[in-house]
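1. have a look; sequence and predicted model below, questions after that.
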Amino acid sequence: MQNIRIYKHPILGELKKQKKVNIFVDGEKIEAYEGEPIAAALIASGKKVFYRTPKRNEPRGYYCAIGVCSDCIMIVNDRPNIRTCVTPVEDGMKVETQIGKGRWEGIE
Amino acid sequence: MKTEVAVIGGGPAGLSAAIEAAEYGVEVALIDENKKAGGQLFKQIHKFFGSGEHRAGVRGIDIGNELLEKSNKLGINLFLDTIVWGIFEDHKIGISTKNKSDLIEAKKIIIATGAYENTITFHGWTLPGVVGAGAAQTIMNVYRVKPGNRVLMVGSGNVGLIITYQMLQAGIEVVGMVEFLPEIGGYLVHAAKIIREGVPIYTSSTILRAEGNESVEEAVIARVDDDGTSISDSAEVLDVDTICIAVGLRPRTKLSEMIGCKMKYLPDLGGFVPQHDKNMETSVKDFYIAGDLSGVEEASTALEEGKLAGISVAESLNYIKEDEAIKKKNEILNRLNDLRLGPFGRMRKDAKKELMKDVN
């Protein structure tokens, strides 16, 4: 079952209206809120594996959610090693699961 | 650029230090790695403990908003999205922001970098779905997304208890909580809330492993005997998709170690802690600390310690007269004493005393 957004909350109230945009995750279009961290949009869409380790190809997902642990790094708009938990969503963003070390060839 | 005071870290301690100093007219730069200051305050949707003067009954999130408003009004120079990567001689701080590096030079520097979460290792602990308790709190309270649907909480200190309750508030099912020690770690008033909701707390128990192909599908827990060895006969399988780790915090000491602060190992304060005197000044002249970096406690103590550091730098830069500074500092020390009552507070108070011995 996929994780979902918390629309109603006894302390925080209703989830306020935000601008919806689309991002492309491993080629698949998903809905996200503009400005929220990429990781939040991914978790809300049910995605669990963000990154695979270089040697053993083990799956990794977000762990700290505050930009410290680097388990949530992905390839974003062709740039590798982007910490998705602290990088805001922009409309049309291309987000890819990172397999192993990031490749920097051809990136400015 | 140059400034009179630079504060590194914009959580409760750093913000409070910056505000206090700025209120006396000191020129302050506040540096934070996040896009918004406030640290963990904006995740704390529960009401604070203690008496009225400790902001009891006020939610962390409201205190955070209040502090941001104050810092704006006082014209504190905010450096957000800015990482401090080094501190050099002559009080120069190396910063990096938007992929550019720069130096900030300050007469006095307050380091308030907070704490890191501890973790524990077990088979499967790297699987997606095993997350820090702070991460779960951030995802659900700030970004309004459920970190999972069925959760096991590991650790029953106040963080584990409070976040478990917040999960219930967010509509997440918590199937249980394991605590290695024979007794619940945090305050019973927090524990009572989640017990009332029917969440079982397994004391003298631990997590053996997380199972799952690409992410957590099951957690295996077991009882531990008196010497802490797990009893495999007692193993129980829980159907969960998320395992939350809440096993304490440790001071984030890298910058203070880098500049050579004298340290002490005090488990009651979270491990290695930079030493400081009664003005929050470290063994390195002109460098002050506050908050969880100077011993892991609570946001309310961090707010007070920040004030103390703020007044101390204002005094040392001659913005306050000595007698007024003494009076203010004594008021804060009294409030800190009040916050360090009870069995847990007592331990921290003793550890703080030890930390402040032989600083220089």
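-> Sure, I can see it. Numbers count the residues shown, from 1 in each chain, chains lettered A, B, ... in the order given.
2. can I get stretch A:97-107 as PDB, trimmed to CA atoms?
-> The C-alpha coordinates for stretch A:97-107 follow below in PDB (Å, rounded to 0.1, in the frame of the first residue of the first chain):
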ATOM      1  CA  THR A  97      17.400   6.300  -9.100                       C
ATOM      2  CA  GLN A  98      21.100   6.500  -8.700                       C
ATOM      3  CA  ILE A  99      23.000   3.200  -9.200                       C
ATOM      4  CA  GLY A 100      26.400   3.300  -7.500                       C
ATOM      5  CA  LYS A 101      28.700   6.300  -7.700                       C
ATOM      6  CA  GLY A 102      27.600   9.400  -9.600                       C
ATOM      7  CA  ARG A 103      29.000  10.000 -13.100                       C
ATOM      8  CA  TRP A 104      30.000  13.500 -13.800                       C
ATOM      9  CA  GLU A 105      31.100  13.200 -17.500                       C
ATOM     10  CA  GLY A 106      29.500  15.900 -19.600                       C
ATOM     11  CA  ILE A 107      28.100  17.800 -16.600                       C
END
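3. now do that stretch: distance to the chain's middle.
-> 16 Å (Cα atoms, centre = their mean, to the nearest Å).
4. kindly report the same for stretch A:43-55.
-> The answer for stretch A:43-55 is 8 Å, by Cα atoms, centre = their mean.
5. likewise stretch B:133-152?
-> Distance, centroid of stretch B:133-152 to centroid of chain: 18 Å (Cα atoms, centre = their mean).
6. which strand or helix spans B:L308?
-> helix B:299-316 (DSSP states H and E).
7. output the set of residues of the stretch 1-150 of chain B in proximity to chain A.
-> Applying Cβ under 8 Å from any Cβ of the partner chain, one finds that the stretch 1-150 of chain B approaches chain A through B:33-35, B:45, B:59, B:116-117, B:126-132, B:134-136, B:138-141, B:143-149. Any C-beta I mention is one placed from the backbone N, CA and C, and that applies to glycine too.
8. tell me how many other residues crowd whichever residue of the stretch 151-300 of chain B sits closest to chain A.
-> At 4.0 Å from chain A, B:S215 is the closest residue in the stretch 151-300 of chain B, using Cβ to the nearest Cβ. The number of residues packed near B:S215 is 18, by other Cβ atoms under 10 Å in any protein chain shown.
9. now the residue in chain A positioned nearest to chain B, nearest residue through space, not along the chain?
-> Going by Cβ to the nearest Cβ, chain B is nearest to A:G61 of chain A, at 2.7 Å. Closest residue to A:G61 apart from its sequence neighbours, by Cβ to Cβ, 6 or more residues apart in numbering or on different chains: B:P128 at 2.7 Å.
10. wait, doesn't that neighbour sit right on B:E217?
-> No - if you go by Cβ atoms under 8 Å, B:P128 and B:E217 don't touch, sitting 10.9 Å apart.
11. which one's more surrounded, those two?
-> B:P128 (25 against 15).
12. what pLDDT is listed against the more buried one?
-> The score at B:P128 is 98. That number is its pLDDT.
13. what sits against B:T138?
-> By Cβ atoms under 8 Å, 6 or more residues apart in numbering or on different chains, the contact set of B:T138 is A:A65, A:I66, B:K43.
14. quick one, strands of chain A?
-> Taking DSSP state E as the criterion, chain A contains strands spanning A:20-25, A:28-33, A:51-52, A:59-60, A:73-76, A:79-83, A:94-99.
15. for residue 107, grab the count of nearby residues.
-> Assuming you mean chain A. With other Cβ under 10 Å as criterion, A:I107 counts 10.
16. think we crossed wires, I meant chain B
-> The burial count for B:K107: 16, using other Cβ under 10 Å.
17. do the same with the one 3 residues further on
-> When counting by other Cβ under 10 Å, one arrives at 31 neighbours for B:I110.
18. did I read that right, it in a strand?
-> Yes - according to DSSP: H, G, I helix; E, B strand; the rest coil, B:I110 belongs to a strand.
19. now, the residues of the stretch 1-150 of chain B next to chain A that are in helices?
-> B:G134, B:A135, B:A136 (DSSP state H).
20. chain B contacts on chain A?
-> A:1, A:3-7, A:9-12, A:15, A:36-37, A:39-40, A:43-44, A:48-50, A:58-69, A:71, A:85-86, A:88.
21. let me see the ranges of the helices in chain A.
-> A:38-44.
22. which stretches of it have low pLDDT?
-> A:1-3, A:108 (pLDDT under 70).
23. swap the cut-off to 50 and go again
-> Applying pLDDT under 50 to chain A flags the ranges A:1.
24. can you name the residue of chain B nearest chain A?
-> B:P128 (2.7 Å).
25. assign B:A222 to helix, strand or coil.
-> B:A222 ends up strand, using three-state DSSP.
26. I'd guessed it sits against B:Y202; true?
-> No - taking contacts as Cβ under 8 Å, B:A222 lies outside contact range of B:Y202: 9.3 Å.
27. mind pulling up the phi and psi values for the most far-flung residue of chain B relative to its centre?
-> Most distant residue from the mean C-alpha position of chain B: B:D233, 37.4 Å away (Cα atoms, centre = their mean). B:D233 adopts backbone torsions of phi -60, psi -30, taken as degrees, to the nearest 10.
28. tell me where chain B has helices.
-> B:12-23, B:60-73, B:133-137, B:158-169, B:188-196, B:254-258, B:299-316, B:322-339, B:342-355.
29. next, the buried residues of the last one.
-> For helix B:342-355, burial by neighbour count (16 or more other Cβ atoms under 10 Å in any protein chain shown) applies to B:F344, B:G345, B:R348, B:K349, B:A351, B:K352, B:L355.
30. rebuild the residues you listed as a markdown table, extending it with distance to B:S156.
-> Formatted as a markdown table, the buried residues of helix B:342-355 follow (distance: Cβ to Cβ, whole Å):
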| residue | distance to B:S156 |
| --- | --- |
| B:F344 | 13 |
| B:G345 | 18 |
| B:R348 | 18 |
| B:K349 | 23 |
| B:A351 | 21 |
| B:K352 | 24 |
| B:L355 | 26 |
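31. hmm, back to that, how about the residue of chain B closest to chain A, what does it touch?
-> A:K48, A:V49, A:F50, A:P59, A:R60, A:G61, A:Y62, B:E214, B:S215, B:V216.
32. what number of residues lie near the first one?
-> Number of residues near A:K48 (other Cβ under 10 Å) recorded here: 21.
33. can you check B:H123 too?
-> 12.
34. who wins for most neighbours among the contacts of B:T138?
-> In the contacts of B:T138, the most neighbours by other Cβ under 10 Å go to A:A65, 29 neighbours.
35. for that one, what are its contacts?
-> So A:A65 contacts A:P37, A:A39, A:C72, A:C85, B:V131, B:G132, B:G134, B:A135, B:A136, B:T138, B:I139 (Cβ under 8 Å, 6+ apart).
36. and the two most separated of these?
-> Spatial extent of the contacts of A:A65 (Cβ to Cβ) is set by the pair A:P37 and B:G132 at 15.2 Å.
37. who's more crowded, these two?
-> Using other Cβ under 10 Å as the criterion, A:P37 and B:G132 rank with A:P37 on top: 28 against 25.
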